[in-house]
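Novice: how would this look folded up:
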Amino acid sequence: MGRKLPSYLNPTPESPGLRVRGGTQHTRSQGDYVCGGCGAEDHANGDTDVKALVEDYTDNHGPAHRGGRR
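Specialist: Residues are numbered from 1 along each chain as shown. So this is what the prediction gives:
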């Protein structure tokens, strides 16, 4: 049985960012983000979906906004 992460580790509009939790033998990987630039948010479960979530965040949100690209 997987443990639930403390709520202060989850990204929020007041504390945007990306959170990824690797899976174990008994749990799937998980990821969440909230963009501080545009307010977009998303959640994913499973290695393939979490990888896509990280790529989306990196290409279109957090770092993209900080670099002035959007």
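
Novice: what element comes up after the top helix by length along the chain heading to the C-terminus?
Specialist: Secondary structure of the chain per DSSP state H: the longest helix is helix 47-60. Using DSSP states H and E, the helix or strand that follows helix 47-60 towards the C-terminus is helix 62-66.

Novice: in the longest helix of the chain, what counts as buried?
Specialist: 49-50, 53, 56-57, 60 (16 or more other Cβ atoms under 10 Å). Where C-beta positions appear, they are placed from N, C-alpha and C, glycine not excepted.

Novice: Would you mind giving the secondary structure of Pro11?
Specialist: For Pro11, the secondary structure call by DSSP: H, G, I helix; E, B strand; the rest coil comes out as coil.

Novice: check contacts around the closest residue to it other than its chain neighbours.
Specialist: Take Pro11 and drop its neighbours on the chain: the residue closest to it by Cβ to Cβ, 6 or more residues apart in numbering is Val34, 4.0 Å away. Applying Cβ atoms under 8 Å, 6 or more residues apart in numbering, we find Val34 in contact with 11-13, 15-17, 40-41.

Novice: on that earlier part again, name the helices or strands packed onto the longest helix of the chain?
Specialist: Counting contacts by 3 or more Cβ pairs under 8 Å, 6 or more residues apart in numbering; DSSP states H and E, helix 47-60 packs against strand 17-21, strand 30-34, strand 41-45.

Novice: still on that earlier bit, if I look at the residue nearest to Pro11, how far off is Gly23?
Specialist: Val34 is 22 Å from Gly23, where distance means Cβ to Cβ, to the nearest Å.

Novice: Ok, Glu55 next?
Specialist: 18 Å.

Novice: go on, Ala64?
Specialist: In terms of Cβ to Cβ, Ala64 sits 27 Å off from Gly23.

Novice: How about Ala44?
Specialist: Distance from Ala44 to Gly23, by Cβ to Cβ: 12 Å.

Novice: neighbour count winner among those two?
Specialist: Ala44 (20 against 14; other Cβ atoms under 10 Å).

Novice: Okay, now the unreliable bits of the protein?
Specialist: Within the chain, the stretches with pLDDT under 70 are 1-8, 67-70.
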